[in-house]
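Novice: Please work out how this folds:
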Amino acid sequence: MAQKNPETDFELMFESAPISLWLEDYSALKVLFDTWRAQGVVDLTAHLTQTPALFQQCAACLKVIKVNRQTLTVLAASGQQELEERLAEVFRDDTFGQMLVELNFLWHGTLEFSNQTVNYALDGRRVDAQIHVRVLQGHEATWDRVMVSLQDITQAKQAQDQLALSEQYARDLFDYSPVSLWVEDFSGVKRLLDEVRAQGIRDFRVFISVHPEFVGRCMEEIRVISVNRQTLSMFAAKSQSELLGQLGAIFRDEMHDSFAEQLIDLWDGKTVQLREVVNYSLTGELINIHMQFAVLPAYQATWGLVLVSLIDITARKKAEAYLEYLGKHDALTKLRNRAFYVDELNRINRKGPWPLTVMAMDLNGLKRINDEHGHAAGDGVLRRAGEVLASATAGYPYCVARVGGDEFIALLPGCDERVAAGLQERIESMVELNNQFYPGQRLSLAIGIASCASAGLVEAALHEADQAMFRAKTRYYEEAKLERRRI
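Specialist: Numbers count the residues shown, from 1 in each chain. Predicted coordinates:
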């Protein structure tokens, strides 16, 4: 039997290896390094970066002795001669950045090391590779035999880069979302609910009404994992740590009842919820919020990952409140308007209380003021009338409305004419006081009062109050004529 030749076996293994193998001579590089050390070079990185052309000098010192078939395949070379002739195309661009790491290993005496590097195939393809360099045993003094292996990791690197891009894309979508986003862990809340269910509790709403402290315990179990930029802006927080350190200032007061309703929905299996809640910024400002809560699908069993989105609807709420206000109030005088007065009168007709006293009021002299001084002056007097009537009835359950141009009416449910007479005195006293503050156009009100004890008599009382008001108005104009005659 023929004896095996170890050298032949090595050649066969070298040629057949499934990764790129290079047998190289680094002896010229060692001589160059020794020369630089003798010249006083200590920091190789600084030395090379100050004179980038030195990278080419180092690369020229690396002599290729032999490469295997896989090397030629990976780098698209027809043979070793073509590869050697075109090495400048293989080692270029960002290759030198990785080469600096490898040169530093050798400079510091590390004769075996691994690194990620970049080469370029002769057809122009970028090849990401895991490189392993080892100065062979017995050649440590001269570096004249170095084994270099290159494992092509291009596909893995591309997949890794794509994953990193996807992760960054998702992170950017989260961070730069125009709505407030919170990533939270509700697993502690689920554990508490499961414990209560295990005790045999079936009506959770009754349970938390008897044990309101349980809602607070659940709130304490929520762990906030991350929030985005819009969250910090919405709640006037400088950083996530500042926000999370003051959650008690954000989720308070009305939030307790809202969270109780949220817990009831979770108890009933509603892991996606929409609701309107109230939070507070760190500056103490109330924020009306439209909240969407969702346990992410992969975490339904544990509630370990929850996404909460918050949209600030404070401006919308204010607009809605203002529209509602306009629907019930007169814009000029700020008193109730005719529509609200009609609704209130119908409500009293149905439910009482009785007796009902009606005060019909009318501004004296408004037409003269409009004719002589303009409608802006007339509007000013109307506003003053609104201020007087609002002040005189503040704190009382009366309906005071502007029902026409200069016509006002007050409904006093559960009050008799004696109470109305007291209110009239208060109004007249405030009118005199108001005229002292506004010395221009005098404010004057003609007032008529009537009372009724049942719904069937309301129309008659309204008519009687109007007639009384007209009589007061007639007296005002008669007295005004006498005064002008005296003048």
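
Novice: From Val146, how far out is the closest residue to Asp123 other than its chain neighbours?
Specialist: Leaving aside its sequence neighbours, Asp123 sits nearest to Ala76 (Cβ to Cβ, 6 or more residues apart in numbering; 4.3 Å). Bear in mind the C-beta positions are built from the backbone N, C-alpha and C, glycine included. Applying Cβ to Cβ, to the nearest Å, the value for Ala76 to Val146 is 24 Å.

Novice: If you count surrounding residues, which of those two has more?
Specialist: More neighbours surround Val146 than the other of Ala76 and Val146, with 23 against 16 (other Cβ atoms under 10 Å).

Novice: so what's the backbone phi/psi at that one?
Specialist: Here is the backbone geometry of Val146 (degrees, to the nearest 10): phi -130, psi 130.

Novice: Hmm, Ala385 and Thr333 touching each other?
Specialist: Yes: using Cβ atoms under 8 Å, Thr333 is in contact with Ala385, at 6.5 Å.

Novice: Tell me which of those two has more neighbours.
Specialist: Ala385 (26 against 22).

Novice: helices or strands next to the helix or strand where Tyr169 lies in the packing?
Specialist: Following DSSP states H and E, one finds Tyr169 within helix 154-175. Packing contacts for helix 154-175, counted by 3 or more Cβ pairs under 8 Å, 6 or more residues apart in numbering; DSSP states H and E, involve strand 126-135.

Novice: rerun at 10 Å
Specialist: strand 112-120, strand 126-135, strand 180-185, strand 223-227, helix 229-234 (3 or more Cβ pairs under 10 Å, 6 or more residues apart in numbering; DSSP states H and E).

Novice: Of all residues in this structure, which one is nearest the centre?
Specialist: Centroid-nearest residue in the chain, with Cα atoms, centre = their mean: Ser180, separated by 1.4 Å.

Novice: before we move on, the earlier item: mutual contacts of Thr333 and Ala385, please.
Specialist: Common neighbours of Thr333 and Ala385, counting by Cβ atoms under 10 Å, 6 or more residues apart in numbering, are Arg402, Phe408.

Novice: Give me the nearest residue to Glu112, chain neighbours excluded.
Specialist: Leaving aside its sequence neighbours, Glu112 sits nearest to Arg134 (Cβ to Cβ, 6+ apart; 4.4 Å).

Novice: Likewise for Lys63?
Specialist: Sequence neighbours aside, Asp25 is the residue nearest to Lys63 in space, at 4.1 Å (criterion: Cβ to Cβ, 6+ apart).

Novice: Over to His373?
Specialist: Using Cβ to Cβ, 6+ apart, the nearest residue to His373 is Gln441, at 6.8 Å.

Novice: I figured Leu296 hits Ile225, correct?
Specialist: No: applying Cβ atoms under 10 Å, one finds Leu296 not in contact with Ile225, separated by 11.7 Å.

Novice: Between these two, which contacts overlap?
Specialist: Contacts common to Leu296 and Ile225, judged by Cβ under 10 Å, 6+ apart, are Val183, Gly304, Leu305, Val306.

Novice: what's the closest of the helices and strands packed on helix 154-175 to Glu85?
Specialist: strand 112-120 (14.8 Å; Cβ to Cβ).

Novice: List the buried residues of that closest one.
Specialist: Thr117, Val118, Asn119, Tyr120 (16 or more other Cβ atoms under 10 Å).

Novice: list the contacts for the last one?
Specialist: If I follow you right, that is Tyr120. Per Cβ under 10 Å, 6+ apart, neighbours of Tyr120: Leu75, Ala76, Ala88, Glu89, Val90, Phe91, Arg92, Asp93, Asp94, Thr95, Arg126, Val127.

Novice: Let me know whether the first one touches Glu89 as I believe.
Specialist: Yes: taking Cβ under 10 Å as the definition, Leu75 is a contact partner of Glu89 at 9.2 Å.

Novice: Look at these two and report which has more neighbours.
Specialist: Leu75 (24 against 16).

Novice: Give me the pLDDT value at the closest residue to that one other than its chain neighbours.
Specialist: In this structure, Leu75 finds its nearest non-sequential neighbour in Ala121, 4.8 Å apart by Cβ to Cβ, 6+ apart. What the model reports as pLDDT for Ala121 is 92.

Novice: Which residues are in contact with Ala121?
Specialist: Thr73, Val74, Leu75, Ala76, Ala77, Glu89, Val90, Val127, Asp152, Thr154.

Novice: swap in Ser309?
Specialist: Counting by Cβ under 10 Å, 6+ apart, Ser309 has contacts 177, 179-182, 228, 230-231, 274, 289-294.

Novice: Just give me the closest of the residues you listed to Leu111.
Specialist: Ranked by distance to Leu111 (Cβ to Cβ), the contacts of Ser309 are led by Asn228 at 49.6 Å.

Novice: The closest one: what's it in contact with?
Specialist: 171-183, 234, 240, 309.

Novice: change it to 8 Å
Specialist: For Asn228, the contact set (Cβ atoms under 8 Å, 6 or more residues apart in numbering) comprises Phe174, Asp175, Tyr176, Ser177, Ser180, Leu181.

Novice: With distance to Met359 as extra columns, can I get the buried residues of strand 112-120 in a markdown table?
Specialist: Formatted as a markdown table, the buried residues of strand 112-120 follow (distance: Cβ to Cβ, whole Å):
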| residue | distance to Met359 |
| --- | --- |
| Thr117 | 95 |
| Val118 | 92 |
| Asn119 | 97 |
| Tyr120 | 96 |
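
Novice: could you measure the residue nearest to Leu366 when sequence neighbours are not counted against Gly378, distance?
Specialist: Of all residues not flanking Leu366 in the chain, Asp406 sits nearest, at 4.4 Å (Cβ to Cβ, 6+ apart). For Asp406, the distance to Gly378 equals 8 Å [Cβ to Cβ].

Novice: mind showing which ranges of the stretch 351-487 of the chain have poor pLDDT?
Specialist: Residues of the stretch 351-487 of the chain meeting the criterion pLDDT under 70: 482-487.

Novice: change it to 50
Specialist: Residue ranges of the stretch 351-487 of the chain with pLDDT under 50: 485-487.

Novice: For it, just list every one of the helices.
Specialist: 366-373, 375-392, 417-437, 458-486 (DSSP state H, counting those that start in this stretch).

Novice: And the strands in the stretch 251-400 of the chain?
Specialist: For the stretch 251-400 of the chain, strands defined by DSSP state E, counting those that start in this stretch occupy the ranges 272-280, 286-295, 306-312, 356-363, 399-402.

Novice: Buried ones in the longest one, by neighbour count?
Specialist: Residues of strand 286-295 classed as buried under the neighbour-count rule (16+ other Cβ under 10 Å) are Ile287, Asn288, Ile289, His290, Met291, Phe293, Val295.

Novice: Verify the contact between the third one and Val277 for me.
Specialist: Going back to what we said before, that points to Ile289. Yes: counting by Cβ under 8 Å, Val277 is a contact partner of Ile289 at 5.2 Å.

Novice: give the contact list for the nearest residue to Asp268 once chain neighbours are set aside.
Specialist: Spatial nearest neighbour of Asp268, chain neighbours left out: Phe204 (8.0 Å); criterion: Cβ to Cβ, 6+ apart. Applying Cβ under 8 Å, 6+ apart, one finds that Phe204 lies in contact with Leu193, Val196, Leu263, Ile264, Trp267, Asp268.
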